[in-house]
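my questions are about this predicted structure, shown below with the sequence.
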Amino acid sequence: MGSSQSKPVEVKNIDEKRDAIIQHLDQFQDLSLDENSGNPVSSDGSLTYNQLKTWESDASKDPKTALSRTVLDHTDIPTALISRSAKVADSQVFNLSLPYQTSPITNQRSSGRCWLFASTNVIRYDISQKLNLGEFQLSQSYLFFYDKLEKSNHYLELSIKHADLDIDNRLVNHFNSDPIGDGGQLDMANNLLERYGVVPQSLYPESYSSEATSRLNKILTLKLREYAISLRSLVSSLRNAVSSTDEASAESAILVAARKKKEDFMVEVYRILTITLGAPPKPDEPFTWEYYDAAGKFHTYTGTPVEFYKAYKNKQYPLTDSFSLVNDPRNSYGTLWTVSELGNVWGGRPVQYVNTESQKLKEAVITSIKAGHPVFFGCDVGQFSHSRFGIMDTSLYEYENAFGVHFGLTKAQRLQTGESAMTHAMVFTAVHLDAEGKPLRYKVENSWGPGAGEKGYFVMTDKWFDEFVYQVVIPRKLAAPEHIKVLDGGNPHVYAPWDPMGTLA
């Protein structure tokens, strides 16, 4: 179709392709049609009685299978298959640690607030040192309150924005499935910190519904879905009623009307939250905090939550000036990513990831620990781990020996098939290096209370890091220039909202 004449087809290439196809077909023709040479026993794909008999005959003759049957039919599988050698090897001894240890070990209890606990555990590290505090916690519940409030608003804004989509549309269905779940990400925590600041836990302590969130989430989600349906109906009816030829002006008027209705709904959301969590301090109103330092000396502080955060955050490595490195082997390294429509504060900073090799994440951890800075990270904590022993080790369980199978999925394949995702956020506080400076294991501060692990701390092997750590947060001043270049380059690739990298820890 172009201006120049097309080149004639070379017959030689066609002959080569034909020969290759014939050779490939010949390979299949050489196969025997006998059952024992590779054809399925069941031609229609259903299971047969003969298959069951054969499988049982083979299994009953295998001594290892017989032993496994004897033990595992009346025992918890992971408990019975814990490797003693792995337990011995995974010691809580580290040769590179933070110079200071905060206390107490925090406990998120029956909630999905790990990202808020990890964030506040990083922030309190500097506050505790600056103020010479003993046991000290920041109020996770304070940030949790405003996160629920902002997520509710975010969900209703999405409902207005996508009101033209069918209710069965995959995007709408995704939003409706879990509008205000407990989970979150670093950038979402930073949205809250910049907008609302933070307060000591004694000024806004835990409540029943902050420690056990399911009942609150159920009530709030029920109302939010009802509000979303109302907003969709309102937008639809207004569009049908508007006859203006100025489409932009009409859409603007519809948005104003929808947001006015949304604000009426948000009054009820706020009331539900204050009833269940308590009325929190206002971000722009002063509070007074009275406390003793570690030496027993009395102190007092007066200021707003925003002022408190600005006064005592780490000035050299503020969390709000940090960003996420991720390891997603499905996609090219050295690229910037975001997640479509993911967030908590409407109009706030988006969730952004710099995708890079697992080795680069490890280097970031070591750099931060050497600089005396704790490291927020995200992982799939339920994989090959034990909460009571506090061990994360791919060799922890003897599954393959007991069942006679091999688990062969790669990290990328686990993401592709839904086998793995970023499910939990914690904090690295130490790492054990070999003589060449390579990491062997990591010390992890969890938020499951002192009864989990070794007084609340876990140990992670380097192999487990490679397979199940997806995110490491690095302060900009400690980040590699190559990663800063990617971050500042903008124009991110976009994950779908339901992508496993959009899962909230």
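Noted; the coordinates are in hand. Not measured: the values here are computed from a predicted model.

the strands in the stretch 251-400 of the chain, which residues?
Along the stretch 251-400 of the chain, counting by DSSP state E, counting those that start in this stretch, strands occupy 287-292, 298-303, 322-326, 335-339, 352-355, 375-379, 385-386, 391-392.

from residue 418, how far out is the closest residue to residue 64 other than its chain neighbours?
Closest residue to residue 64 apart from its sequence neighbours, by C-beta to C-beta, 6 or more residues apart in numbering: residue 404 at 6.3 Å. All C-beta atoms are positioned from the backbone trio N, CA, C, and that covers glycine. Using C-beta to C-beta, to the nearest Å, residue 404 is found at 25 Å from residue 418.

which one's more surrounded, the two?
residue 404 (12 against 8; other C-beta atoms under 10 Å).

contacts only, for the nearest residue to residue 323 once chain neighbours are set aside.
Ranked by C-beta to C-beta, 6+ apart and with sequence neighbours excluded, the top spatial neighbour of residue 323 is residue 487, at 5.6 Å. With contact set as C-beta atoms under 8 Å, 6 or more residues apart in numbering, residue 487 has these partners: 323, 336, 352, 354, 479.

just checking, the third one touches residue 343?
Yep, that's residue 352 we're talking about. No. Between residue 352 and residue 343 there is no contact under C-beta atoms under 8 Å: 11.1 Å.

related to what we said a few turns ago, let me know the secondary structure of the residue nearest to residue 323.
Following DSSP: H, G, I helix; E, B strand; the rest coil, we place residue 487 in the helix state.

just to revisit the earlier point, and for residue 352 and residue 343, which residues touch both?
Common neighbours of residue 352 and residue 343 (C-beta under 8 Å, 6+ apart) are residue 187.

looking at the two, which is more packed in?
Set residue 352 next to residue 343 and count neighbours by other C-beta under 10 Å: residue 343 wins out with 22 against 19.

just the helices in the stretch 101-250 of the chain please.
Assigned helices in the stretch 101-250 of the chain, in chain order: 114-130, 140-161, 170-177, 186-196, 208-211, 214-241, 247-277 (criterion: DSSP state H, counting those that start in this stretch).

rewinding a little: for the contacts of residue 487, pick the one with the most neighbours.
Most surrounded of those: other C-beta under 10 Å gives residue 354, at 25 neighbours.

pLDDT wise, what is that residue at?
pLDDT, residue 354: 98.

next, the angle from the longest strand seen in the chain to helix 114-130.
Assignment by DSSP state E gives strand 424-433 as the longest strand of the chain. Between strand 424-433 and helix 114-130, the angle comes out at 50 degrees (axes from the mean of the first three to the mean of the last three C-alpha atoms, to 10 degrees).

what's the spacing between the residue nearest to residue 64 and residue 78?
17 Å.

on that earlier part again, okay, the helices of the stretch 101-250 of the chain in CSV with mean pLDDT, mean neighbour count and distance to residue 62 next?
Converted to CSV, those look like this (pLDDT from 0 to 100; neighbours: other C-beta atoms under 10 Å; distance: least, C-beta to C-beta, whole Å):
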stretch, mean pLDDT, mean neighbour count, distance to residue 62
helix 114-130, 98, 23, 42
helix 140-161, 98, 23, 51
helix 170-177, 98, 16, 44
helix 186-196, 98, 23, 49
helix 208-211, 98, 19, 48
helix 214-241, 96, 16, 44
helix 247-277, 96, 15, 55
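
residue 288: which of those helices is closest?
Smallest distance to residue 288 across the helices of the stretch 101-250 of the chain (C-beta to C-beta): 15.6 Å, for helix 140-161.

residues touching the residue nearest to residue 64, list them.
Counting by C-beta under 8 Å, 6+ apart, residue 404 touches 62, 64-65.

looking at neighbours, which among those residues is most surrounded?
residue 65 (15 neighbours).

can you report phi and psi for that residue?
phi -60, psi -40 (degrees, to the nearest 10).

that one contacts residue 59, doesn't it?
Yes. At 4.9 Å, residue 65 and residue 59 qualify as touching, with contact defined as C-beta under 8 Å.

run through the bridge partners of residue 107.
Bridge pairing for residue 107 (DSSP bridges) gives the partners residue 448.

re earlier: may I see the buried residues of the longest strand of the chain?
424-432 (16 or more other C-beta atoms under 10 Å).

and of these, the nearest to residue 249?
When the buried residues of strand 424-433 are compared for distance to residue 249 (C-beta to C-beta), residue 425 wins out at 44.9 Å.

how near is that closest one to residue 342?
From residue 425 to residue 342 the distance is 15 Å (C-beta to C-beta).

for residue 407, same thing?
From residue 407 to residue 342 the distance is 30 Å (C-beta to C-beta).

got it, and residue 461?
31 Å.

now residue 154
9 Å.

just residue 94 next, same as before
Counting by C-beta to C-beta, the gap from residue 94 to residue 342 is 34 Å.

so residue 88 is in which element?
helix 84-89 (DSSP states H and E).

show me what counts as buried in that helix.
Buried, per 16+ other C-beta under 10 Å, within helix 84-89: residue 86.

next: stretch 497-505.
499-505.

next, format the residues you listed as CSV and append secondary structure and pLDDT.
Listed next are the buried residues of stretch 497-505 as CSV, based on DSSP: H, G, I helix; E, B strand; the rest coil; pLDDT from 0 to 100:
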residue, secondary structure, pLDDT
499, coil, 97
500, helix, 97
501, helix, 96
502, helix, 94
503, coil, 90
504, coil, 85
505, coil, 77
